[in-house]
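K.L.:
I'd like to go over a predicted model; first the sequence, then the structure.
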Amino acid sequence: MYDPVLISCTILVAAILLDLWIGEPKWIPHPVVQMGKIISFLEKRWNKGKYRKGKGIGLTVTVVLTVFLLTVSLLYIVYHIHPVVGTIVQIYLISTTIAAKGLSSAANNVLSPLTNGNLIEARRMLSMIVGRDTANLPESEIVRGTVETVAENTVDGITAPLFWAMIGGAPLAMVYRAINTLDSMVGYKNDKYIEFGWASARLDDIVNWVPARITALSMWLASFVIKGSKKKNGWRVTWRDARKHPSPNSGWSESMIAGLMGIQLGGVNYYRGKKSKRAYLGDPLRELVRSDIKKTIIYMHGGWIVFLVIEVCILLLCR
C-alpha cells in the first residue's frame, strides 16, 4: 500500500546515507556549483551603479525561483517516467544539499597534520574551510577555528537541508541550498555587498532560524550517550551566550558545543590583516587541544542523527 509518510521518511534517511557514502564526487555535476555560476554571472552584471539593494533583492528572487522551478520541473518529468525513478532522483537531489561527509573530512584534514606536528599543513587545510587568516595561528587557534566551523556548518550543511526537505522534499531543500549559497557569495557586510547582499543575508537568517535551535537541542540530547559531556553546562552556556554571536543562528550550535565540551570559543580573528573581535562563547574551563576536533565531529554526527529521529517522529505523528 502506498504510504507517503513512510516514503518521505525513507527519502530523508536515504539522502543522508547517500551523502555519507559518496559525498561530493567530482565526476558528477553538482547542483550547488551550477547555482554558484548563476549567482556569479548575475552579480557581475547587477552589483554596480544605483539601487543595489533593489538589484540584490532581484538576484535573490531570480535565483530562488529558478532553482525551485527547475527542481519541480525535473521531478515532474522523472516521476512521470516511473515513481521509483522519481524517488531515486529526489534522494540524490536532497543528498547534494547535505555535506556531512565533506564537513567531517574537512575537519579530519586539519586534524591529521596537527597530530603529526605539521602546523604549516594544518593551517593550510584550515584556510580552505574558514575565511580568517590562518598563516600564523598556533595549535590552539587552529583547533578553535576547526571546532567553530564544524559547529556552525552542522546547521548549514546538514540539519537545515534536512528540515526543509522534510517540509517540501527536494524542491525546498534545493531552495534552501540556493539561499545559503547566495549568502556565502554576496551576504557580506562590506562596501561591495552591504546593500546588494542584504536580501540574501536576511533570507538566510530566516530559513536557518528554526533548524539552528533544534540542532542545539539535538546536540544536547545526543550528549547523553557521548562520554565526558557536560550536559548541564551545555544548556546553561547556550542560553547565556548564543545570542552574543553576530549571527542570529550560528551561536546556538557553537555555544552548545562550547558548553558540552567545557571550552571557550570566539575571540579575536583576523581577516586580510584586519582585526575582528567576537564575543566569547562558553567558559575557559580548560585549554583547547587537538582531540577537541574529533569530539566536535562526534557531536556533529550525534546532532544530525537525533535531528533526523525527531523529523521521522514528526512525520509519523502526521499520519
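P.N.:
Arrived safely.

K.L.:
What ranges does the stretch 151-300 of the chain have for its strands?
P.N.:
265-271, 274-281 (DSSP state E, counting those that start in this stretch).

K.L.:
Ok, which of those comes nearest residue 196?
P.N.:
Residue 196 lies closest to strand 265-271 among the strands of the stretch 151-300 of the chain, at 19.2 Å (Cβ to Cβ). For every residue, glycine as well, the C-beta is placed using N, CA and C.

K.L.:
packing partners for that closest one?
P.N.:
Helices and strands touching strand 265-271, by 3 or more Cβ pairs under 8 Å, 6 or more residues apart in numbering; DSSP states H and E, are helix 139-154, helix 250-261, strand 274-281.

K.L.:
and with 7 Å instead?
P.N.:
Counting contacts by 3 or more Cβ pairs under 7 Å, 6 or more residues apart in numbering; DSSP states H and E, strand 265-271 is packed against helix 139-154, strand 274-281.

K.L.:
Kindly reformat these as CSV and extend each row with mean pLDDT.
P.N.:
Listed next are the helices and strands packed on strand 265-271 as CSV, based on pLDDT from 0 to 100:
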stretch, mean pLDDT
helix 139-154, 97
strand 274-281, 92
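
K.L.:
Tell me which of these sits most buried.
P.N.:
Mean neighbour count (mean count of other Cβ atoms under 10 Å) peaks for helix 139-154 among these, with a mean of 23.

K.L.:
What is that helix packed up against?
P.N.:
Looks like helix 139-154 contacts helix 100-115, helix 119-127, helix 250-261, strand 265-271, helix 291-317 (3+ Cβ pairs under 7 Å, 6+ apart).

K.L.:
ok, now which ones touch residue 228?
P.N.:
Contacts for residue 228 (Cβ atoms under 7 Å, 6 or more residues apart in numbering) come out as none.

K.L.:
measure the closest residue to residue 304 other than its chain neighbours to residue 152 for me?
P.N.:
In space, residue 304 comes closest to residue 158 once its chain neighbours are excluded; the distance is 4.6 Å by Cβ to Cβ, 6 or more residues apart in numbering. Look at residue 158 and residue 152: by Cβ to Cβ, to the nearest Å, they are 11 Å apart.

K.L.:
give me the number of residues near the residue nearest to residue 304?
P.N.:
Residues lying near residue 158 (other Cβ atoms under 10 Å) number 27.

K.L.:
now swap in residue 160 and tell me
P.N.:
Residues near residue 160, counting by other Cβ under 10 Å, number 30.

K.L.:
ok, it to residue 103 distance?
P.N.:
Residue 160 sits at a distance of 13 Å from residue 103 (criterion: Cβ to Cβ).

K.L.:
Kindly report the same for residue 240.
P.N.:
Applying Cβ to Cβ, the value for residue 240 to residue 103 is 26 Å.

K.L.:
The two: who's more crowded?
P.N.:
It is residue 103, of residue 240 and residue 103, that has more neighbours when counted by other Cβ under 10 Å, with 23 against 14.

K.L.:
pLDDT below threshold where in the protein?
P.N.:
1 (pLDDT under 70).

K.L.:
Try it again at 90.
P.N.:
When residues are selected by pLDDT under 90, those of the chain lie in 1-5, 22-30, 49, 131, 188-191, 271-274, 276, 278, 318-319.

K.L.:
Quick one: residues contacting residue 103.
P.N.:
Residue 103 touches 150, 153, 157, 300, counting by Cβ under 7 Å, 6+ apart.
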